[in-house]
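1. after the sequence you'll find the predicted model.
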Amino acid sequence: MTGKLRRPSFRLPPIISASGPGIAQASLGLAPIGRAIQQLASKSRYRAANHVEDPDHRPHYAYCVQQSARLAKRLGYPRISVIEFGVAGGQGLITLEHLCSAISRRLGIEIEVYGFDTGTGLPEPKDYRDLPYHWRPGFYAMDIPALRARLSYAQLVLGNLSDTAGAFFAEFSPAPIGAAIFDLDFYSSTVDALKLFEGPRGSRLPRVFCYFDDIIGGDIELYNDFTGERLAIAEFNAGHERIKLSPAYHLIAVPPVAEWHHQIYILHDFQHPDYGTFVSDPDQQLPLRHRPGRRPRPEISGRTP
């Protein structure tokens, strides 16, 4: 969960015009941002690479929003939704709103922002899976009027997730979900939030970029595979044959690796009608290179063995 309300400002690098290989990314202004975000390991490198004044420092938010918008653009979606589960004081939602505004302008795609929260802080833990040794009821309460006054267009979805998640699509008619930030602390709340991915396939992109806040922790939390958000992820995968949450292996395979790289998961909806739609570089060839200083041998027709 997050702390005090502070107003961040964002300045993303300009769109780059280019020709030759990689033009698809460059023409969308995606290549410099995407490469930089994936290689971040420290606050200073994040700011230097992206020219972002970000006192709240949430590169994981930036990554999920940027990549989901990039995918939507390539699939031809005019708008997407980005969701934060667990708003607390609201700094994360304010940050998310600023990021979405900047990336929306950059890519020419509309981004809706929703924040789910009880509004009254953490509820009573249901059992050991909600880690009552670390969380207490009432943690992270929200000043609702103060937060609403700070928001420009993000919508708060207040109430127990067991109720609000089920009514979300009917009540808000959101654009397809492209990114989701999970900061719910509890196993039980995360289970309820993941039910949004059981909606109709038109309610999400074929691949959704997700961040799970409470899966690493420290010597007190001792997050593990049998409680909390990790257990909710495992049970979701076990209960769905054609929809799976997978770690973002491309982020953790190449150093330098930041902690948040381990917290990015991608929801894969294998039966989504757009899952197999081509979105990669359209010019992928590996022609044979001639050895330096040697000319290729001419082909001789009529030669017999």
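-> Ah, there it is.

2. can you pull out the strands in the stretch 1-150 of the chain?
-> 79-85, 110-117 (DSSP state E, counting those that start in this stretch).

3. which strands and helices lie in contact with the shortest one?
-> Think strand 79-85. helix 59-75, helix 91-107, strand 110-117, strand 177-182, helix 187-194 (3 or more C-beta pairs under 8 Å, 6 or more residues apart in numbering; DSSP states H and E). Bear in mind the C-beta positions are built from the backbone N, C-alpha and C, glycine included.

4. how far off centre is the shortest one?
-> Mean C-alpha position of strand 177-182 versus that of the full chain (C-alpha atoms, centre = their mean, to the nearest Å) differs by 5 Å.

5. may I see the strands of the stretch 1-150 of the chain organised as CSV, with mean neighbour count and distance to S162 added?
-> Converted to CSV, the strands of the stretch 1-150 of the chain look like this (neighbours: other C-beta atoms under 10 Å; distance: least, C-beta to C-beta, whole Å):
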stretch, mean neighbour count, distance to S162
strand 79-85, 24, 13
strand 110-117, 24, 11
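
6. what's the closest of those strands to F270?
-> strand 79-85 (19.7 Å; C-beta to C-beta).

7. any regions of the stretch 101-250 of the chain where pLDDT drops low?
-> Along the stretch 101-250 of the chain, no part satisfies pLDDT under 70.

8. run through the helices of it in chain order.
-> For the stretch 101-250 of the chain, the helices defined by DSSP state H, counting those that start in this stretch occupy 144-150, 161-172, 187-194, 228-239, 249-252.

9. what sits against I252?
-> If you count contacts by C-beta atoms under 8 Å, 6 or more residues apart in numbering, I252 has them with 261-262.

10. going forward, count from 135.
-> New numbering, starting at 135: the last item is I386.

11. that older thread, D408 is nearest to which of the helices of the stretch 235-384 of the chain?
-> Of those, the one closest to D408 (C-beta to C-beta) turns out to be helix 295-306, at 18.4 Å.

12. which residues does the residue nearest the centre of the chain contact?
-> The residue lying closest to the centre of the chain (C-alpha atoms, centre = their mean) is C198, at 2.6 Å. By C-beta under 8 Å, 6+ apart, C198 lies in contact with 216, 313-315, 343-345, 398.

13. mind pulling up the pLDDT for it?
-> Listed pLDDT for C198 reads 98.

14. try H191
-> Value for H191, per-residue pLDDT: 83.

15. if I look at the closest residue to R213 other than its chain neighbours, how far off is L290?
-> Spatially, and ignoring its direct neighbours in sequence, R213 is nearest to E244 (3.6 Å; C-beta to C-beta, 6 or more residues apart in numbering). Distance, E244 to L290, using C-beta to C-beta, to the nearest Å: 19 Å.

16. near P259, how many other residues are there?
-> When counting by other C-beta atoms under 10 Å, one arrives at 20 neighbours for P259.
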